[in-house]
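*Asks:* Give me the fold of what follows.
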Amino acid sequence: MSSNNNKTARCPVGESRCEHIDALLLLREERDALSELVLTDPLTRLFNYRHFSQSLEQELERTHRTGHPTALIMLDLDHFKRVNDQWGHEAGNRVLRQTADLMVSLLRKIDVPCRYGGEEFALILPGTPLPRAVNAANRLRMAIEESPVLIDDLPLSITASLGVGVYMRESHFSAEAFVKQVDSLLYQAKESGRNRVAHPDLESLKPKGQVGAEEKAALYGSD
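*Replies:* Purely as a prediction, here's the structure:
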């Protein structure tokens, strides 16, 4: 075999630019762009359902490993079909984008905001006990209510209903069951009048028997 075929591409010494490095950087940028396309919702720029499913599985596994709770918020925009019917789908898209922007502005960098599908969103909050997750959900609910969307220079009021749940080390159900649990709380909020947050009673989440410091931190948070 010719030795020329085994030569490694090298950059000229002392040159400020190198075509081989430039090509590698371009390939890396293209790879990152493709990864973003695969995991991102094109309309809202939030993570998509695929990334949500992967991230939730990872966080629940982390909860079992570390004992830190994982909170999940499911959010659905109230009467969204009316927006599309009365104002058109572009107006509906504007509402979805503004809702996504509010999420990003209010959440922490470690949180995972996703478009779950249609007008429903899912937010994964790692290391977050239930009371703090409920507070985050209420802040988001109020921000949406207080931020009307301008359609043809007219303010369009939007509200949302939210369900909140927490997964702890003692939890023994699947990610799919966890989502169903929180989704049922979301629809409980809708059936109770909309524009509200539904969540489990803390008493129902307390482990039976004596509660240690770790369990208390998972339930209530620690200072």
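
*Asks:* Name whatever forms a beta bridge with V197.
*Replies:* Taking DSSP bridges as the rule, V197 bridges to L162.

*Asks:* how near is it to S53?
*Replies:* V197 is 24 Å from S53, where distance means Cβ to Cβ, to the nearest Å. Every C-beta, even on glycine, is put in place using the N, C-alpha and C of the backbone.

*Asks:* ok, those two, which is more surrounded?
*Replies:* Shown here are V197 and S53; by other Cβ atoms under 10 Å, V197 has more neighbours (23 against 16).

*Asks:* what sits against the more buried one?
*Replies:* With contact taken as Cβ atoms under 8 Å, 6 or more residues apart in numbering, V197 is in contact with V134, A137, N138, R141, S161, L162, G163, V164, A189.

*Asks:* Which two of those have the greatest separation?
*Replies:* Farthest apart among these by Cβ to Cβ are V134 and S161. That separation is 13.7 Å.

*Asks:* Which one of those two is surrounded by more residues?
*Replies:* The neighbour count for V134 versus S161, taken as other Cβ under 10 Å, is higher for S161 (24 against 21).

*Asks:* surely that one meets D76?
*Replies:* Yes: S161 is within contact range of D76, at 5.5 Å (criterion: Cβ atoms under 8 Å).

*Asks:* which residues are common contacts for these two?
*Replies:* Shared contacts of S161 and D76, defined by Cβ under 8 Å, 6+ apart, are found at L186, K190.

*Asks:* T44: what secondary structure?
*Replies:* Reducing the assignment at T44 to three states with DSSP: H, G, I helix; E, B strand; the rest coil gives coil.

*Asks:* just the strands in the chain please.
*Replies:* Assigned by DSSP state E, the chain shows strands spanning 70-77, 112-117, 120-126, 149-151, 154-156, 160-167, 197-198.

*Asks:* Please identify the buried residues of the fifth one?
*Replies:* Meaning strand 154-156. Buried residues in strand 154-156, counted by 16 or more other Cβ atoms under 10 Å: L156.
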